[in-house]
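Enquirer: curious how this folds, go ahead:
(2 chains)
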Amino acid sequence: MKLRAITENHLYSKAYARGKKFVGRFVVVYTLPDYAASKLAKANPEKEKINRVGITVTKKLGSAVIRNRAKRVIREGYRLSDKSAKIRRGFLIVIVARGNIVKAKSTDIERDLTLAFKKLGMNAL
RNA sequence: CGACCGGAUCGGGCGAUCGCGCGGUAUGUUGCCGAAAGGUAUUACCGUGAGGAAAGUCCGGGCUUCAAAGGGCAGGAUAACGGAUAACGUCCGCCGAGGGUGACCUCCGGGAAAGUGCAACAGAAAUAAACCGCCGUCCAUAUCGGGCGGUAAGGAUGGAAACGCGAGGUAAGAGCUCACGAGUUCCUAUGGUAACAUAGGUCCGCUGUAAACCCUAUCCGAAGCAACACCGUAUGUGGGAUCCGUGUUCGCACGGCUGUCUGCCCGGCAGAGCUCACAGGUGGCACGCAGUUUUCUGCGGAGCGUUACGGAGACGUCACGCAAAGAUAGAUGAUCGCCACGACAGAACCCGGCUUACAGAUCAGGUCGCAUU
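Expert: Purely as a prediction, here's the structure:
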């Protein structure tokens, strides 16, 4: 299943303000039910609800190369986490990188995210 | 062998598993999103996918739009000389100054003799000079001294004080005169395409600063891919116009006006019952064009590489070969194993440069020293 990115800035603001929050070792996760989920599901040829994922990496972390790697590692971690423990659909998920992510591996992120989704009640029934 | 000098190339590799963007083939749906334009399937396979600086955005060009890029003003850039180039503020060669035993390196580059300005502090005085001193003369006087004049040799200040030094000369002095030396302008000869160098003559006495204004020569129209083109323009937001005068054959024309030519003026262009801009999409955009339909042929080009030839070199010519990264919250990766473990760092229209950052590796050259022959 492909990742669909959050493009609108106001959705990030909403997630920060009203979403559920979990602080992990390497990332901070916000989740919020997606009002447009059913509409997007109709557009999806598989007719399933999907999660929209936004990844935030601030300039504080470092140069473009470092930021790019952080995003890749988070994407891979999300993919692995979704594969091992099914995540509920129809949510906005914002993942914010923390400073120590520079040295993290994608498996570390996977553990962080799996724990986060469990705590946030995101695991599929 | 050691110490150096300038240059070129590379800048993690291999394997396994899992993933992403783009192109293609097969499979497959006729659905869904959207007002429309348009976008989008699942799976498998094949191909392809960041840099030498992709960076800074400092120059130059292509491309695009502004009717065309015409004239002038303003503004900007450059600055010895000869060449290279599509072009450049780049590159090559060379001139000048300095450093190194050397390979080689570093630095500056029109005009201060067109004009204006500025030169703090110090100093008597900063582009024009008399504070001390020296000399003459007058006054006064036991002596010290004072007035007037001459003087730039000496002292003191300063980054800079009327070229340096010696002789003549003088009351004392002074390029005032002369020899030698350094410099400026111009002329001649020789060498060089030239800047310039060398030699000879002539003339002059002129502080520095042009990254102060300025003057001279040369060049530059402006803005940038969020450009721009096309499609769509339902709805929303914002703006403009539907105005005035004159003439009128009542259609309109001209002028004002408004917008626009993106600093200004001249000189233009456009405008009216709707129109413009923004919000959407596709292209631009991944060598181009044509043929042909397949991943093929031809042509073209400041594209890249190699060879040959020409040139001192930058570079040029010919031949051959190569050239699908193309994202859009932004793909080009993740994990594991082994080896090596030490860098700077991520394309956003495309090229040529410059500048800045940078661990290590490799390759030829060259210089000096020592040893050997």
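Enquirer: how many neighbours does the residue lying closest to A:K59 once chain neighbours are set aside have?
Expert: Distances taken as Cβ to Cβ, 6 or more residues apart in numbering put A:R67 closest to A:K59, at 7.4 Å, once the chain neighbours are dropped. C-betas here are computed from N, CA, C, even on glycine. Other residues within reach of A:R67 by the criterion other Cβ atoms under 10 Å amount to 19.
Enquirer: quick one: residues contacting A:R67.
Expert: By Cβ atoms under 8 Å, 6 or more residues apart in numbering, the contact set of A:R67 is A:57, A:59, A:61.
Enquirer: now check the one helix or strand A:F117 maps to, is it near RNA strand B?
Expert: Mapping A:F117 onto the secondary structure by DSSP states H and E places it in helix A:106-119. Yes - residues of helix A:106-119 contacting RNA strand B under Cβ under 7 Å from any atom of the strand: A:106-107.
Enquirer: next: stretch A:52-61.
Expert: Yes - contact between stretch A:52-61 and RNA strand B is present through A:54-56 (criterion: Cβ under 7 Å from any atom of the strand).
Enquirer: can you add pLDDT and give those back as JSON lines?
Expert: Formatted as JSON lines, the entries for those read as follows, by pLDDT from 0 to 100:
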{"residue": "A:G54", "pLDDT": "79"}
{"residue": "A:I55", "pLDDT": "81"}
{"residue": "A:T56", "pLDDT": "81"}
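Enquirer: tell me which of those residues fall in strands.
Expert: When those are checked against strands using DSSP state E, the ones located there are A:54-56.
Enquirer: mind listing the strands for chain A?
Expert: With DSSP E as the definition, chain A shows strands at residue ranges A:4-5, A:20-23, A:27-33, A:52-56, A:91-97.
Enquirer: and the helix ranked longest in chain A, anywhere near RNA strand B?
Expert: When every helix of chain A is counted residue by residue (DSSP state H), the longest turns out to be helix A:64-84. Yes - contact between helix A:64-84 and RNA strand B is present through A:64-65, A:68-69, A:71-73, A:76, A:79 (criterion: Cβ under 7 Å from any atom of the strand).
Enquirer: what comes up buried for that helix?
Expert: The neighbour-count criterion (16 or more other Cβ atoms under 10 Å) identifies A:67, A:69-70, A:73-75, A:77-82 as the buried residues of helix A:64-84.
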